[in-house]
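Colleague: could you look at this predicted model? Sequence included:
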Amino acid sequence: MYAARRFTHRIGLIPNRPLYMSNPLYRVLTFSLLMFTWMIFSGIFDIMHLGLGILSSVVVTELSWKLLWQRTDIGPGERFRQSLGILKYTGWLMAQIVLANIEILKLAFGPKERVKPVIIHHQTALKSTFARYMLAQSITLTPGTVTVKIDGDDFIVHGINQEAAEGLGGADGLDLEMERRIAAILEPELLNGRGGKKA
């Protein structure tokens with residue numbers, strides 16, 4: 001497969017992009033990440049549990065490795081930058097979850113009329129499936145908002161009240177800080193088109 005791709009690069013059938021890692025290596029990396037996660041959360045290392053972990057990791061790898069590694073032409077340096085960015089973003093998201101939990105606690109002990117569920121629409125500027133997945137999960141993990149459906153560029157989000165939904169409903173695309181931070185990690189070219197503005 002690697003030789004065939006090199007040949008098609010030479011004769012111009014597909015763009016001439018550097019082949020940093022072939023598909024098998026991406027599968028091995030995905031399997032390793034999944035298996036490591038299984039071992040951490042399982043904590044049991046007998047033959048049965050390790051066998052189930054291997055079987056599950058193989059199946060999930062075959063089903064989802066393309067979601068995690070949509071672009072196979074990115075070099076190790078850029079992958080390292082993205083990994084550090086995701087770690088930084090995770091820390092920021094955890095802080096937002098804590099703040100949102102405090103607001104939900106106030107709602108729970110406050111007047112009932114403050115709880116008025118709403119449905120809002122958010123137009124995303126993100127292009128890749130993984131970036132959109134990351135945004136959808138971030139919205140859902142933040143207490144008070146849940147991503148109900150993704151229809152193309154349109155995110156349909158349920159908010160516990162208007163205040164919780166205001167940050168999404170009033171900020172389409174890269175005007176939303178959460179989306180801007182994801183774009184800075186996975187799709188920096190989107191920010192370059194806005195004069196390099198970053199979160």
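Modeller: It's in.
Colleague: the strands in the protein, which residues?
Modeller: 118-123, 145-151, 154-159 (DSSP state E).
Colleague: could you check the angle the first one makes with strand 154-159?
Modeller: For strand 118-123 and strand 154-159, the angle between their directions (axes from the mean of the first three to the mean of the last three CA atoms, to 10 degrees) works out to 150 degrees.
Colleague: buried ones in strand 118-123, by neighbour count?
Modeller: The neighbour-count check on strand 118-123 (16 or more other CB atoms under 10 Å) flags 120, 122 as buried. To be clear about C-beta, it is placed using only N, CA and C from the backbone, and glycine gets the same treatment.
Colleague: where does pLDDT dip in the chain?
Modeller: 1-23, 70-73, 167-173, 193-199 (pLDDT under 70).
Colleague: nearest residue to the middle of it?
Modeller: Residue closest to the mean C-alpha point of the chain, counted by CA atoms, centre = their mean, is M134 at 2.2 Å.
Colleague: skipping adjacent residues, who's closest to that one in space?
Modeller: Excluding its sequence neighbours, the residue lying closest to M134 (CB to CB, 6 or more residues apart in numbering) is I182, at 5.4 Å.
Colleague: what of F155?
Modeller: Leaving aside its chain neighbours, F155 sits nearest to H122 (4.2 Å; criterion: CB to CB, 6+ apart).
Colleague: hey, which helix is longest across the protein?
Modeller: Longest helix of the chain, by residue count under DSSP state H: helix 76-109.
Colleague: what is that one packed up against?
Modeller: Under the contact criterion of 3 or more CB pairs under 8 Å, 6 or more residues apart in numbering; DSSP states H and E, helix 76-109 touches helix 129-141, helix 162-169, helix 177-186.
Colleague: most tightly surrounded among these?
Modeller: helix 177-186 (a mean of 21; mean count of other CB atoms under 10 Å).
Colleague: what packs against that one?
Modeller: Under the contact definition 3+ CB pairs under 8 Å, 6+ apart, helix 177-186 sits against helix 76-109, helix 129-141, helix 188-192.
Colleague: pick the most buried one from these.
Modeller: Mean neighbour counts for the helices and strands packed on helix 177-186 (mean count of other CB under 10 Å) peak at helix 129-141, with a mean of 18.
Colleague: what does that one rub up against?
Modeller: The contact list for helix 129-141 (CB atoms under 8 Å, 6 or more residues apart in numbering) reads 67-68, 70, 93, 97, 124, 126, 145-147, 150, 155, 157, 168, 178-179, 182-183, 186-187.
Colleague: what of stretch 144-156?
Modeller: By CB under 8 Å, 6+ apart, stretch 144-156 touches 100, 103-104, 119-125, 132, 135-137, 139-140, 157-161, 164-165, 168.
Colleague: perfect, I'm done here.
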